[in-house]
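Engineer: whatever this is, show me its structure:
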Amino acid sequence: MLIRFFLSLLLVLSTWNPTGYCYVDWLLAHFPAMTAELAFVGVVLLIGWALFLNATRAALGFFGIILAAAFFGTLTWVLFDQGLITAKNDVVTWVSLLVLAGILALGMAWGNVWRKLSGQVDVREEHHH
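Structural biologist: Numbers count the residues shown, from 1 in each chain. Just a heads-up that it's a prediction; the model follows:
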């Protein structure tokens, strides 16, 4: 799960973050020009988003995504309520990016989580020899 979270976070933060060091800022700095490097990195990120979003949708479904968002959203609320994080500076932005990465990671790992929790195997995952 930790590796999936790291990969999800890498995808999310590489695409956009408030530091100015991300694909969106790089793209906007060159807009409307398009270089081969910008196009290549954009396609790589698009492939990553397609893989993660498709896996998350397939694993969790619409209702599961809503529940995951509610889980991470209320967890964030608890952290704010307990004073562990504040709304100063870009904290809300960073927390939102972490939440998005968490939802993507959960979607990527859900099959493994479900097997461990329930002892059941999804028939879509069985291999026929």
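Engineer: what is the top helix by length along the chain packed up against?
Structural biologist: Determined from DSSP state H, the single longest helix within the chain is helix 36-81. Helix 36-81 makes packing contacts with helix 2-15, helix 23-30, helix 91-118 when contacts are defined by 3 or more CB pairs under 8 Å, 6 or more residues apart in numbering; DSSP states H and E. In this view, the C-beta of every residue, glycine as well, is placed from N, C-alpha and C.
Engineer: contact partners for the residue nearest the centre of the chain?
Structural biologist: With distances taken as CA atoms, centre = their mean, residue 101 lies nearest the centre of the chain, 2.8 Å away. By CB atoms under 8 Å, 6 or more residues apart in numbering, the contact set of residue 101 is 5, 8-9, 11-13.
Engineer: which pair in those residues spans the largest distance?
Structural biologist: The distance between the two most remote of the contacts of residue 101 (CB to CB) is 11.9 Å, for 5 and 13.
Engineer: worst-scoring helix or strand of the chain, pLDDT-wise?
Structural biologist: Using mean pLDDT, DSSP states H and E, helix 91-118 stands out as the lowest-scoring helix or strand of the chain, at a mean of 82.
Engineer: what's the angle between that helix and helix 36-81?
Structural biologist: 80 degrees (axes from the mean of the first three to the mean of the last three CA atoms, to 10 degrees).
Engineer: what residue ranges in the chain score low on pLDDT?
Structural biologist: Across the chain, the ranges flagged by pLDDT under 70 are 89, 111-117, 120-129.
Engineer: list the buried residues of the least confident helix or strand of the chain.
Structural biologist: Buried residues in helix 91-118, counted by 16 or more other CB atoms under 10 Å: 95, 97-111.
Engineer: and of the residues you listed, the nearest to residue 24?
Structural biologist: In terms of CB to CB, no member of the buried residues of helix 91-118 lies closer to residue 24 than residue 97, at 12.3 Å.
Engineer: how far is stretch 17-27 from where the chain is centred?
Structural biologist: The chain centre lies 17 Å from the centre of stretch 17-27; the measure is CA atoms, centre = their mean, to the nearest Å.
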